[in-house]
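# my questions are about this predicted structure, shown below with the sequence.
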Amino acid sequence: MKIYLAFFAASLSACAGSGGALTYGFPDFSRIGAQPLAHRAVGPGVIVSSKFGGPIYGWAINENGTDGFFTEAPMDGYTLISTIETFDQTTGKITKVVARQRSKSENHELFADAILANDVGLIDDERALIRKHIRRDTYDVMAPVSRKKITGTWTRPPGVDFLLYDIADQQSNPDAVMAGTIIAHGISHPPTFEVVVTDVATNKILRTLYAPRGDGVNYPYFVAEDTTTQHAYVPAANYHSQTVFIDYDIQTGHASNNFVAPPFSGPVNGIAIDSATHVMCTTTMANYSVQMYDLKTKKQTFVGQIPNAGGEGQAGSSIAADPIDHLFIVEQPNSLKGGSEIYVYDEKGNVLESLTGFAFGPLGGIQVVATSRSGYVAGRQANQLESFTY
């Protein structure tokens, strides 16, 4: 998951409909009460601080283990230093500085993109030639991250100025699904959006897919995957300015655009999928709401405004799926109560918990370890990450 793409919202409760009927949620704060595991504290936990005090530019955790990694970029006079660092999720301690490079320009730095299945880490070595409008990024691989060393490289797809924006957050299938762009027709034309299916560990590009004609995929670019059906979904807009979710069949390469959201359901600000139940959760900025969709029927089953919100400024951002307890964990960077909040939704749209005491930095992003009902978010300072339990 390309963590810098966040800024999302959490939601509120509603009457739960039956038979897949759409339910509308309106703030009922009396129902927002913590329902944690018995005798277990919930809320903020340990803080991870970058070793050299520089801002963190990209991070990820192993959702099936206890390790994580990030990249930081402190300045040394007029020289930019980029480092890759691993950490222990439980203690928050830095376990190793894996790599360190120096550059005279901020146009050459390391960025931690994601941890994929089997604890495979992907790092973008960003190389921008600003005056020539050229990107020549290379990609390092840590397979696995727990070895605390760079073990190889990943070769990006062909095309001019490939930029990687998002990676579907799943760590069960080694075939990762990415959202990216290339400059196919020069800088005077919009970039071409691509969905790239790749096995990063073996350095193989399996498929490169494109949106159907007439659908516009606009920044920020998101992608989420149902790993059970092996279908990926990308928010877009059609000629009628309707929000559509382009449905990519990862196996066949077929793309369809008949999954149309109800009016005023976009643009999407965050997206996650529970592959066990085929439920998708999204957040939107314009109506500062949270939505649930049944991917089997391609119907919206819930929509409700996020709690403690009075406008777009309190909209939700990133979402993480818990496929064990079938929950969605939603970030709200700016709550009317002050600071940031995390809301725990069930898949009917009910808010089960509201976690306070956070202040998400500009980095954004959220990931969870479902087996321990724990996770990580951006910390209060630009050089921090913070754990939480729910």
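Looks like it arrived, so ask away.

# ok, now which ones touch residue 256?
By CB atoms under 8 Å, 6 or more residues apart in numbering, residue 256 lies in contact with 212, 246, 247. C-beta here means a position set from N, CA and C on the backbone, and glycine is covered the same way.

# quick one: the last one from residue 211, how far?
It stands for residue 247. Counting by CB to CB, to the nearest Å, the separation of residue 247 from residue 211 is 11 Å.

# now do the shared contacts for the two.
255, 257.

# excluding its backbone neighbours, what's nearest residue 229?
residue 278 (6.9 Å; CB to CB, 6 or more residues apart in numbering).

# hmm, the one you found is touching residue 228, no?
Yes: with contacts counted by CB atoms under 8 Å, residue 278 reaches residue 228, the gap being 7.0 Å.

# strands of the stretch 151-300 of the chain, start to end?
Along the stretch 151-300 of the chain, counting by DSSP state E, counting those that start in this stretch, strands occupy 152-154, 163-167, 175-182, 192-199, 204-209, 224-226, 231-237, 243-249, 255-256, 268-274, 279-284, 289-294, 299-305.

# quick one: pLDDT of residue 129?
pLDDT recorded at residue 129 is 69.

# neighbours around the residue nearest to residue 229, how many?
Using other CB atoms under 10 Å, residue 278 has 16 neighbouring residues.

# residues in contact with stretch 97-109?
51, 57, 69, 71, 73, 76, 78-86, 110, 125-130, 140, 142, 148-150.

# and those, which of them are buried?
57, 69, 71, 73, 80-86, 110, 125-126, 128, 140, 142, 148 (16 or more other CB atoms under 10 Å).

# below-threshold pLDDT in this structure: ranges please.
1-40, 105-106, 129-133, 184-187 (pLDDT under 70).

# tell me which residue of it is furthest from the middle?
Within the chain, the residue lying farthest from the chain centre (CA atoms, centre = their mean) is residue 77, at 33.0 Å.

# that one and residue 104, how far apart?
10 Å.

# before we move on, what about residue 204?
Residue 204 is 35 Å from residue 104, by CB to CB.

# comparing those two, which residue is more hemmed in?
Between residue 204 and residue 104, counted using other CB under 10 Å, residue 204 has the larger neighbour count: 13 against 9.

# ok, the closest residue to that one other than its chain neighbours - contacts?
Leaving aside its chain neighbours, residue 204 sits nearest to residue 198 (6.5 Å; criterion: CB to CB, 6+ apart). Contact partners of residue 198, counting by CB under 8 Å, 6+ apart, are 154, 157, 175, 176, 178, 204, 205, 206.

# how about those in JSON lines, adding distance to residue 221?
Shown next, in JSON lines, are those (distance: CB to CB, whole Å):
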{"residue": "154", "distance to residue 221": "19"}
{"residue": "157", "distance to residue 221": "15"}
{"residue": "175", "distance to residue 221": "19"}
{"residue": "176", "distance to residue 221": "15"}
{"residue": "178", "distance to residue 221": "10"}
{"residue": "204", "distance to residue 221": "22"}
{"residue": "205", "distance to residue 221": "18"}
{"residue": "206", "distance to residue 221": "19"}
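
# hmm, residue 336 and residue 310 touching each other?
Yes: if you go by CB under 8 Å, residue 310 and residue 336 touch, sitting 5.9 Å apart.

# pick out whichever of those two has more residues nearby.
residue 336 (13 against 9).

# helix or strand for the more buried one, which one?
Using DSSP states H and E, residue 336 sits in no helix or strand.

# for the remainder of this discussion, apply numbering that starts at 258.
Shifting the count to begin at 258 puts that one at residue 593.

# tell me if residue 634 really is in a strand.
Yes: using DSSP: H, G, I helix; E, B strand; the rest coil, the secondary structure at residue 634 is a strand.

# any idea how far residue 480 is from the residue lying closest to it once chain neighbours are set aside?
Of all residues not flanking residue 634 in the chain, residue 623 sits nearest, at 5.1 Å (CB to CB, 6+ apart). Separation of residue 623 from residue 480 (CB to CB): 16 Å.

# state the distance from residue 506 to residue 492.
Taking CB to CB, one finds residue 506 at 17 Å from residue 492.

# so residue 482 sits against residue 425, correct?
Yes: using CB under 8 Å, residue 482 is in contact with residue 425, at 3.9 Å.
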